[in-house]
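**Q** Curious how this folds, go ahead:
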Amino acid sequence: MVLGDLSPADVQKYLEGLNFPASKEEVLATAQSNGAPQALVEQIRALGPEQFSSPDDIVSALPLKGLGL
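**A** Numbers count the residues shown, from 1 in each chain. You can find the predicted model right below:
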């Protein structure tokens, strides 16, 4: 599933204010508080890792149109 027209930069905007490393729950809470679309929140929730080292870890794991997937 491609997340609409979201680009990696869009995803990083929804992660603003998040300190890394971050748990999946911290990522979800930050994305939701920054107004992330529900489809993005659900995709983050479905990701395998429970801990992320950087925003790039999250972006690279998501099926984003901007990544050519």
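**Q** What are the contacting residues of stretch 54-61?
**A** Outside stretch 54-61, the residues within contact range by C-beta atoms under 8 Å, 6 or more residues apart in numbering are 8, 11-12, 15, 18, 20, 27, 44, 47-49, 52, 67. (C-beta placed from N, C-alpha, C; glycine too.)
**Q** Now do the contacts for residue 49.
**A** Counted by C-beta under 8 Å, 6+ apart, residue 49 has contacts 24, 57, 61.
**Q** same thing but at 7 Å, please
**A** Contacts for residue 49 were tallied using C-beta atoms under 7 Å, 6 or more residues apart in numbering; they are residue 24.
**Q** Next, give phi and psi for it.
**A** Its backbone dihedrals place residue 49 at phi -60, psi 140, with angles given as degrees, to the nearest 10.
**Q** quick one: pLDDT of it?
**A** pLDDT for residue 49: 83.
**Q** Give me the distance between it and residue 16.
**A** From residue 49 across to residue 16, the span is 20 Å (C-beta to C-beta, to the nearest Å).
**Q** Quick check: which ranges of the protein have low pLDDT?
**A** 1-4, 65-69 (pLDDT under 70).
**Q** Next, please give the residue ranges for the strands of it.
**A** All strands of the chain, identified by DSSP state E, fall at 22-23, 51-52.
**Q** can the ones you listed go into TSV with extra columns for mean neighbour count and distance to residue 40?
**A** Output for those, formatted as TSV (neighbours: other C-beta atoms under 10 Å; distance: least, C-beta to C-beta, whole Å):
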stretch	mean neighbour count	distance to residue 40
strand 22-23	16	16
strand 51-52	17	14
